[in-house]
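**Q** Based on what follows, work out the 3D shape:
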Amino acid sequence: MSTTWDMQLLDCAGFLESQPLREDDEDLASEINLSNSIMTEEEREEIQRELTKLEEEIRTLKQVLTSKEKQHAELKQTLGLTPLSELRNNFSRGWQDMQNSTTYRKTSETLSTAGQRTTAAFSTFGTAISRKLGDMRNSPSFKSFEEKVETTVSGIKTKVGGTGPGGSFEDVLSSAANASNQDMPTNNMTAAPDGSC
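**A** Okay, the predicted model is just below:
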């Protein structure tokens, strides 16, 4: 009877119009009210005893678990298994698993191929540079330059060594500079005598 009166009270407040109750909601509400009001004192005591027993079992299981964890740690210490060694083993195992994965193998193969191609490209590049330098060394202009350097060096050695007509070190350097200036080709552009370009 109180349920009908509650419904009328809610209806007056406008709650039913905005959110009408479904049958499931009504059944649930009536079961909750009935289960609390119908429970006898004996049933309540029985549930309370069961709850107390369950809580005691939970405490006992926690104590057993703590004891087992302590025993576990002692056995590991006896075997010399430290957290660091376990971490190392886990890392090693993870590394092996990763190396055995198809993704790692494919990536490794791709990088290996790329490395081989890069090595081949550098080798080809180095060979080409060596060939160009060899060609350049055999060119007439390089041979002429090489001869001039050799002449200058031998002239300096002669003057510094004292076997030829001597002088100070500055005299040797200036004479070497003059000799190299005379051997170098000059640009035949001279100013026109009338001043025109």
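
**Q** What ranges does this structure have for its helices?
**A** Counting by DSSP state H, the segments of the chain that form helices are 2-13, 15-18, 23-38, 41-79, 83-99, 102-137, 140-161, 169-183.

**Q** Now render the ones you listed as JSON lines, adding mean pLDDT and mean neighbour count.
**A** Backbone N, C-alpha and C define where each C-beta goes, glycine included. Shown next, in JSON lines, are these (pLDDT from 0 to 100; neighbours: other Cβ atoms under 10 Å):
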{"stretch": "helix 2-13", "mean pLDDT": "48", "mean neighbour count": "10"}
{"stretch": "helix 15-18", "mean pLDDT": "48", "mean neighbour count": "10"}
{"stretch": "helix 23-38", "mean pLDDT": "57", "mean neighbour count": "10"}
{"stretch": "helix 41-79", "mean pLDDT": "94", "mean neighbour count": "10"}
{"stretch": "helix 83-99", "mean pLDDT": "86", "mean neighbour count": "10"}
{"stretch": "helix 102-137", "mean pLDDT": "86", "mean neighbour count": "10"}
{"stretch": "helix 140-161", "mean pLDDT": "81", "mean neighbour count": "12"}
{"stretch": "helix 169-183", "mean pLDDT": "68", "mean neighbour count": "12"}
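
**Q** Distance-wise, check Glu43 relative to Glu57.
**A** 21 Å (Cβ to Cβ, to the nearest Å).

**Q** Could you do Arg88 as well?
**A** 39 Å.

**Q** got it, and Glu50?
**A** Taking Cβ to Cβ, one finds Glu50 at 11 Å from Glu57.

**Q** quick one: Thr107 from Ala121, how far?
**A** 21 Å.

**Q** And Ser139, by the same measure?
**A** Counting by Cβ to Cβ, the gap between Ser139 and Ala121 amounts to 27 Å.

**Q** again with Arg49
**A** As judged by Cβ to Cβ, Arg49 and Ala121 stand 84 Å apart.

**Q** next one: Glu55
**A** Applying Cβ to Cβ, one obtains 75 Å for the distance of Glu55 from Ala121.
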